[in-house]
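In: Predicted model follows, preceded by the sequence.
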Amino acid sequence: MKNKTIKQLLVTVSAAVLSVGLANGQGTVLFDSFGTTTDASVKDQSGQPIVDTANYLAQLYGSVGTSMPIDSLTPIQAAGSGGNEGSPTHFAGFGGYWLGGVVQVPGVVAGTAMTMMAVAWDSRTGATYATAGFRGHSDLFNYTLGGVGVPPPPPSEIGAALHSFQVVSVVPEPSTFALLGLGTGALLFFRRRN
């Protein structure tokens, strides 16, 4: 009985130490679209820089590894140094920029290479990037994470690949319309037969 209690205590202490170690070694990225070497202005549907601070959001997507496919990237939803960074960030209200600050990437340690992209969307057309009717994303770029207590790589690393992009209407592919037409035709055909 004592051995079981001691083992449980050791497992609990080990897990606590591991979680503290992972938290301290957590990777970071500077998620700003404007800086000394970064100028990635985002345009709205009309081609104008986004200045709407209430309705447009930006977020960071990523996946461990370099040159990963776009469908492997997922939203990074971690708390950053200033409070809400990492979760969707509102635009700053000037020139189509957001200032997301230093974002901690959960479960990924400093020095890890990742494939990333920035996304933006009009939250009036969907609560998330995936569901929004008006959205856009940057090109994919590789980024090596900094760490807690260690500054993230200079903005020039993200700035070299993070370029301006536009939020556009998400239009269904023609094949979607074709399937819709076939389905409607089949329903009408079977309805007439009955």
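Out: Alright, I've got the coordinates. Numbers count the residues shown, from 1 in each chain.
In: does Thr184 sit in a helix, a strand or a coil?
Out: Here Thr184 is recorded as helix under DSSP: H, G, I helix; E, B strand; the rest coil.
In: Give the full set of residues in contact with it.
Out: With Cβ atoms under 8 Å, 6 or more residues apart in numbering as the criterion, no residue contacts Thr184. For the C-beta atoms, the positions are set from N, CA and C on the backbone; glycine is no exception.
In: Show the pLDDT at it.
Out: As predicted, Thr184 sits at a pLDDT of 70.
In: Spit out the contact partners of the closest residue to Val51 other than its chain neighbours.
Out: Closest residue in space to Val51, ignoring its immediate chain neighbours: Gly93 at 5.4 Å, by Cβ to Cβ, 6 or more residues apart in numbering. The contact partners of Gly93, taken as Cβ under 8 Å, 6+ apart, are Val51, Asp52, Thr53.
In: Just the helices from the protein, written as ranges.
Out: 2-24, 155-159, 174-193 (DSSP state H).
In: re earlier: can you list the contacts of Gly93 in CSV and add neighbour count, pLDDT and distance to Gly65?
Out: Shown next, in CSV, are these (neighbours: other Cβ atoms under 10 Å; pLDDT from 0 to 100; distance: Cβ to Cβ, whole Å):
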residue, neighbour count, pLDDT, distance to Gly65
Val51, 14, 93, 36
Asp52, 14, 92, 34
Thr53, 12, 92, 34
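In: Rebuild the residues you listed as TSV, extending it with distance to Leu99.
Out: Shown next, in TSV, are those (distance: Cβ to Cβ, whole Å):
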residue	distance to Leu99
Val51	14
Asp52	15
Thr53	11
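In: Tell me, please, the helix or strand in this structure that averages the lowest pLDDT.
Out: Every helix and strand of the chain was ranked by mean pLDDT, DSSP states H and E. The lowest is helix 2-24, at a mean of 41.
In: Can you list the low-confidence ranges for this protein?
Out: 1-24, 37, 77-86, 148-161, 172-183, 185-191, 193-194 (pLDDT under 70).
In: May I see the buried residues of stretch 62-70?
Out: Under the neighbour-count criterion of 16 or more other Cβ atoms under 10 Å, stretch 62-70 has Gly62, Ser63, Val64, Met68 buried.
In: wait, isn't the first one in contact with Val105?
Out: Yes. Gly62 lies in contact with Val105 (Cβ atoms under 8 Å); the separation is 6.7 Å.
In: Now do the shared contacts for the two.
Out: Joint contacts of Gly62 and Val105 (Cβ under 8 Å, 6+ apart) are Val29, Ile76, Met114.
In: For the spatially closest residue to Met68 that is not a sequence neighbour, which residues are in contact?
Out: Distance criterion Cβ to Cβ, 6+ apart; nearest residue to Met68, sequence neighbours excluded, is Thr115 at 3.9 Å. By Cβ under 8 Å, 6+ apart, the contact set of Thr115 is Gly62, Ser63, Gly65, Thr66, Ser67, Met68, Ser72, Leu73, Leu140, Phe141, Asn142, Tyr143.
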